[in-house]
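In: Sequence below, structure please.
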Amino acid sequence: MKACIMCGGTGTRLRPLTFKHPKPSIPILNKPSVLHLVEHLSREGFNDIVITLGYMGERIEEQLGDGHIFGVHINYVYEKEKLGTAGGVKNAEKYLKNEPFIVLGGDHVLNLDLREMYRFHQTNDAKMTIGLLSIDDPRDFGIADMDINNRIHRFLEKPKAGQIFSNLTSTGIYICDPSIFEWIPENKKYDFAKDLFPSLLAADEKINGVLVRGKWTDVGSSAAYRQAQRWMLDALPGTTIEGNFTTRNARIRGPLTIGHNVSIGLNSSLVGPIVIGENTTIGDNVLVGPYSVIGSFCTIENNAKIFSSYLFDNVCIGKASNLSGAVVADETIVGENCYLENGTVIGHKVVIGDSSTIHSGVKIWPELNIDKDSSIKDTLVNSDYETTYEGS
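Out: Down below sits the predicted model:
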């Protein structure tokens, strides 16, 4: 079975994390997000995959290779200019035109039964089948009006208050008949939700919906990213220690995944679910709480506290600092006695001076130095990088 993964976006809303990593490569449990998706597709029997690439696409290709180690074959198609979701898939038509195929976003994190969706599409005559999920607040997504026979009669992207005729939300997962390529113009920006769906519905072409069960999110914001990490941590099967592991009377309660050459100091306490990357050192009297991920080559100094936070590689957390619900990107240094409050997002190569507080929801752009004793209440951008963080 064939699959197309769309990885062309710039990940504006995930800035400052996406200045170093394309959105599908943001680490989840210390592995690129898209790698988890490829592994799931492989388990579901989708072994012929094409990936559409744009922003920092070379990084994704480098991480996944030809896919053989995941039990799949991967082809890559680059977009010279932004073509939109449907236009990007049209750009990969030569790999997809012979049989029905599934389309997913490269930032999707899920545990859905994709094979069941595919079989539903095969047994029902429609140009497309959209995976639908009922959620409480669908305003950031597309919503569908579906009848008892699974046919979709209305579709509205990002409805406003007063327009929410349904809470059946599009997951952005589509099973497509190859005939849809006749409806998508070549070399033109064209979206599924904004352009293709309205055209098909206006022509009375059949679009089906299928209700899916399980967990799904697109990692389009830092909040969704933290939620995706929690889901994946909840699925840890037990405690796994890979290679050498050193501890001096630490108290450790799983489930945990601990990489090679990790050291945990005297009287420290780790309460899972937690994932720790290789060559990381955790000092004495450190408390690491549930739903935390610490990358490789990190240093957590004495008396620090880490709660529900996500550290990328080569991060240093100083003595007696406290992180609660924070995301900290690669090669950042957090000084001593610092507080990073819930929802803070710190870019790569940031230096935060001692005794500083980063207030809830604040984002700090890469390569900035924060003076000691600072109290940062608003987002700080670096003019050497793009400064917008609204959009897709």
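In: switch to C-alpha atoms for all contacts and neighbour counts from now on
Out: Will do.
In: tell me the domain boundaries of the chain?
Out: Domain assignment of the chain by automatic domain parsing yields the ranges 2-221, 240-376.
In: Could you pull out the helices in the protein for me?
Out: For the chain, helices defined by DSSP state H occupy the ranges 33-43, 57-64, 84-90, 114-122, 197-202, 222-234.
In: Could you dump those into JSON lines with mean neighbour count and mean pLDDT added?
Out: Shown next, in JSON lines, are these (neighbours: other CA atoms under 10 Å; pLDDT from 0 to 100):
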{"stretch": "helix 33-43", "mean neighbour count": "21", "mean pLDDT": "95"}
{"stretch": "helix 57-64", "mean neighbour count": "16", "mean pLDDT": "94"}
{"stretch": "helix 84-90", "mean neighbour count": "25", "mean pLDDT": "93"}
{"stretch": "helix 114-122", "mean neighbour count": "17", "mean pLDDT": "94"}
{"stretch": "helix 197-202", "mean neighbour count": "16", "mean pLDDT": "93"}
{"stretch": "helix 222-234", "mean neighbour count": "19", "mean pLDDT": "92"}
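In: quick revisit: ranking the domains of the chain by burial, who's on top?
Out: domain 240-376 (a mean of 21; mean count of other CA atoms under 10 Å).
In: Now do the end-to-end distance for that domain.
Out: The first and last residues of domain 240-376 sit 38 Å apart, counting by CA to CA, to the nearest Å.
In: Residue numbering should commence at 34 henceforth.
Out: Understood, numbering begins at 34; the last thing we discussed is domain 273-409.
In: mean confidence score for it?
Out: Per-region confidence: domain 273-409 scores 96 on mean pLDDT.
In: and if you look at stretch 182-202?
Out: Rounded mean pLDDT across stretch 182-202 is 87.
In: Surely residue 274 and residue 294 touch.
Out: No. Between residue 274 and residue 294 there is no contact, the gap being 9.7 Å when judged by CA atoms under 8 Å.
In: list the contacts for residue 318?
Out: Applying CA atoms under 8 Å, 6 or more residues apart in numbering, we find residue 318 in contact with 298, 299, 300, 301, 302, 335, 336, 337.
In: Among these, which are located in strands?
Out: Secondary structure from DSSP state E places residue 302 of those in strands.
In: Go through the contacts of residue 318 and name the one nearest residue 312.
Out: residue 298 (13.7 Å; CA to CA).
In: Excluding chain neighbours, give the residue nearest to residue 287 in space.
Out: With sequence-adjacent residues excluded and distances taken as CA to CA, 6 or more residues apart in numbering, residue 287 is closest to residue 305, at 4.6 Å.
In: wait, the one you found sits on residue 339?
Out: No. Residue 305 is beyond contact range of residue 339, at 11.9 Å (criterion: CA under 8 Å).
In: Common neighbours of the two, please.
Out: Common neighbours of residue 305 and residue 339 (CA under 8 Å, 6+ apart) are 322, 325.
In: Quick one: residues in contact with stretch 263-276.
Out: So stretch 263-276 is contacted by 61-62, 248, 287-294, 306-308, 324 (CA under 8 Å, 6+ apart).
In: for that stretch, the distance to its chain's centre please.
Out: Its chain's average C-alpha position is 18 Å from that of stretch 263-276, according to CA atoms, centre = their mean, to the nearest Å.
In: Output the longest strand belonging to the protein.
Out: Under DSSP E, the chain gives strand 201-209 as its longest strand.
In: Does anything pack onto that one? Which helices or strands?
Out: strand 134-138, helix 147-155, strand 161-167, strand 175-179 (3 or more CA pairs under 8 Å, 6 or more residues apart in numbering; DSSP states H and E).
In: Could you name the helices and strands sitting against the third one?
Out: Judged by 3+ CA pairs under 8 Å, 6+ apart, strand 161-167 is in contact with helix 147-155, strand 201-209, strand 240-244.
In: can you do 7 Å?
Out: strand 201-209, strand 240-244 (3 or more CA pairs under 7 Å, 6 or more residues apart in numbering; DSSP states H and E).
In: TSV for those, including distance to residue 161?
Out: Putting those into TSV (distance: least, CA to CA, whole Å) gives the following:
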stretch	distance to residue 161
strand 201-209	5
strand 240-244	5
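In: Tell me which of those strands sits nearest to residue 377.
Out: Here strand 201-209 is closest among those (CA to CA), at 26.9 Å.
In: thinking residue 168 is in contact with residue 200, fair?
Out: Yes. Applying CA atoms under 7 Å as the test, residue 168 and residue 200 come out as touching, 5.9 Å apart.
In: ok, residue 211 touching residue 132?
Out: Yes. The pair residue 211 / residue 132 is scored as a contact, 6.2 Å apart, by CA under 7 Å.
In: Next one: residue 358 from residue 380, what distance?
Out: 15 Å.
In: tell me which residues form a beta bridge with residue 161?
Out: Judged by DSSP bridges, the bridge partners of residue 161 are residue 209, residue 240.
In: OK, contacts around it?
Out: For residue 161, the contacting residues are 207, 208, 209, 210, 240, 241, by CA atoms under 7 Å, 6 or more residues apart in numbering.
In: Can you redo these as JSON lines, where the extra columns are distance to residue 387 and pLDDT?
Out: JSON lines is the format used below for the contacts of residue 161 (distance: CA to CA, whole Å; pLDDT from 0 to 100):
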{"residue": "207", "distance to residue 387": "49", "pLDDT": "96"}
{"residue": "208", "distance to residue 387": "52", "pLDDT": "96"}
{"residue": "209", "distance to residue 387": "54", "pLDDT": "96"}
{"residue": "210", "distance to residue 387": "58", "pLDDT": "95"}
{"residue": "240", "distance to residue 387": "57", "pLDDT": "94"}
{"residue": "241", "distance to residue 387": "57", "pLDDT": "94"}
